[in-house]
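S.K.: sequence plus the predicted model coming up.
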Amino acid sequence: MSGKFEGGCLCGEVRYSCSEQPMSQFICHCTECQKITGSPVSPGFMVNKSDVKVTGNYSEHKIAAASGREMLRKFCSICGSRVFEESLGMADIYMFNAGSLDDQSVFEPEVHYWVNSLPSWYKITDSLPQYDKQPDVE
Ligand SMILES: [Zn+2]
Ligand SMILES: [Zn+2]
């Protein structure tokens, strides 16, 4: 993922554009993402808040993560898509749902997180590094 990229929610109300490369690109398998997305696979990326511009109306839901840290998850007010979120312990960073990217081909996952939470019917078939946790958030 290089240079500028853009994305948004399903209906187009919430839009974002980012001017810099993400700090990390990952695939999360944690139980929270499973509940929120309905899927054992939740691709995402981290960006500096100062590198991204978000427009449109979204609602924020504050939910404590398993780590105890509070997460502010941001959903489109019209269509309900979860577009991005922030951890209240990481003031400078947004995490975006990679499914929101306009061009899915720009996403380049580097790592799998929370692989112990995967259901037995899902198997990882790539050779990316796998972690039981998300070290850069803990
Ligand atoms: Zn929407
Ligand atoms: Zn997760």
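M.R.: Perfect, thanks for sending it. Ligands and ions are numbered 1, 2, ... in the order given.
S.K.: rest of the way, CA atoms for contacts and neighbours
M.R.: Will do.
S.K.: need phi/psi at S50.
M.R.: The phi/psi pair for S50 (degrees, to the nearest 10) reads phi -70, psi -10.
S.K.: what number of residues lie near the closest residue to it other than its chain neighbours?
M.R.: Leaving out its chain neighbours, the residue that sits closest to S50 by C-alpha to C-alpha, 6 or more residues apart in numbering is D92, at 7.6 Å. Residues near D92, counting by other C-alpha atoms under 10 Å, number 12.
S.K.: pretty sure D92 is touching V52, no?
M.R.: No - here D92 does not reach V52: they are 11.0 Å apart, not a contact under C-alpha atoms under 8 Å.
S.K.: up against ligand 2, what does this protein have?
M.R.: Residues of the chain found near ligand 2 (C-alpha under 5 Å from the ion) are 28, 30, 33.
S.K.: list the contacts for the first one?
M.R.: C28 makes contact with 41-44, 112-115 under the criterion C-alpha atoms under 8 Å, 6 or more residues apart in numbering.
S.K.: partners of it in the sheet?
M.R.: Beta-bridge pairing for C28 (DSSP bridges): S42, Y113.
S.K.: could you list every residue that touches the closest residue to R82 other than its chain neighbours?
M.R.: Nearest non-adjacent residue to R82, counting by C-alpha to C-alpha, 6+ apart: F75, 4.3 Å away. F75 makes contact with 58-61, 81-84 under the criterion C-alpha under 8 Å, 6+ apart.
S.K.: please apply the same query to K49.
M.R.: Contacts for K49 (C-alpha under 8 Å, 6+ apart) come out as 92-94.
S.K.: in strands, which of these appear?
M.R.: 93-94 (DSSP state E).
S.K.: identify, from the contacts of K49, the entry nearest to ligand 1.
M.R.: Y94 (18.2 Å; C-alpha to the ion).
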